[in-house]
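Asks: Just need the structure, nothing else, for what follows:
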Amino acid sequence: MSALLAWPAQRPRQVLALVAAVCVALLAFGMVLQHVVGLEPCPMCIVQRYALILVAVLAALAASLKSRGARQVGVGLMGLFAGFGAFTAARQSWLQWNPPEIMSCGRDFFGMIEAFPLGRAIPMIFRGSGDCSKIDWTFLGLTIANWSFLWFVAFTLLALGLLLARPAR
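Replies: Got it, this is the predicted structure:
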C-alpha cells in the first residue's frame, strides 16, 4: 500500500501527464454532454471548464519541465486553479442542494462579459442563476457539479502531495 502512495512522489512527471490526460477526458465528456446529449452549461459550469483547462495546461507544462523548481511552480499553480475549481463546484453543489426560491435564468457567461465590465460580471457569474441549481444529469447519485468537485479536490490534494514530497534520488 505504501508503494502505491509513494508512486506520485517517485514519478511526478508521469503523474502530471496523467492529470492532464484525465482533465482532457473530463472536458471531452463535458462536450459530449453538451453537444450530443443536449445539456446546456450554466455560468458556473463554464467557469469550472476554464479551471479544468488551466489545470490540464499547467499539469502538462509541469510534466514537460526537467527542472524540479520550475515543475514545483507549475504544480503549485495547478493546485491553486484546482482549488478554485473545487470552490466553484462546491458552490454549485450547494445551490443544487438548496435551490433558490425564485428561479431565474440569468444571462450566459459570454453575455455577462460582453454586457458588463469584468468587475461586475465576475460577481454575477458566481451568484449563479436558475440554471446553476438545475440537476440535468446524475451518475451514482452524484450530479455533474458533485463529480467536478471530487475531481478538483483530487487534483488539489495531488498537487499538495507533490509539493510536499521529498525529491526521489
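Asks: pull the CA atoms of the one helix or strand Ser148 maps to into CSV?
Replies: Counting by DSSP states H and E, the element that carries Ser148 is helix 144-164. Coordinates of each C-alpha in helix 144-164 appear next as CSV, following Å, rounded to 0.1, in the frame of the first residue of the first chain:
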residue,chain,number,x,y,z
ILE,A,144,-22.0,16.9,-12.6
ALA,A,145,-21.1,19.5,-10.1
ASN,A,146,-20.5,16.9,-7.4
TRP,A,147,-18.2,14.9,-9.7
SER,A,148,-16.4,18.0,-10.7
PHE,A,149,-15.9,18.9,-7.0
LEU,A,150,-14.4,15.4,-6.3
TRP,A,151,-12.0,15.6,-9.3
PHE,A,152,-10.9,19.1,-8.4
VAL,A,153,-10.3,18.0,-4.8
ALA,A,154,-8.3,15.0,-6.0
PHE,A,155,-6.2,17.3,-8.2
THR,A,156,-5.7,19.8,-5.4
LEU,A,157,-4.6,17.0,-2.9
LEU,A,158,-2.3,15.5,-5.5
ALA,A,159,-0.7,18.9,-6.2
LEU,A,160,-0.2,19.4,-2.4
GLY,A,161,1.3,15.9,-2.1
LEU,A,162,3.7,16.6,-5.0
LEU,A,163,4.7,19.9,-3.4
LEU,A,164,5.4,18.4,0.0
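Asks: For that helix, which residues meet the burial criterion?
Replies: If you call a residue buried by 16 or more other CB atoms under 10 Å, then helix 144-164 has these buried ones: 144-149, 151-153, 155-156, 158-159, 161-162. All C-beta spots, glycine's among them, are computed from the backbone N, C-alpha and C.
Asks: quick one: average confidence on the longest helix belonging to the chain?
Replies: Longest helix of the chain, by residue count under DSSP state H: helix 68-97. If you average the pLDDT over helix 68-97, you get 88.
Asks: likewise stretch 28-42?
Replies: So the average pLDDT for stretch 28-42 ends up being 83.
Asks: Contact partners for Gly76?
Replies: With CB atoms under 8 Å, 6 or more residues apart in numbering as the criterion, the residues that contact Gly76 are 159, 163.
Asks: next one: Ile144
Replies: Contacts for Ile144 were tallied using CB under 8 Å, 6+ apart; they are 30, 33, 45, 136-137.
Asks: can I get those in TSV with neighbour count?
Replies: Formatted as TSV, the contacts of Ile144 follow (neighbours: other CB atoms under 10 Å):
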residue	neighbour count
Gly30	19
Leu33	17
Cys45	22
Asp136	14
Trp137	11
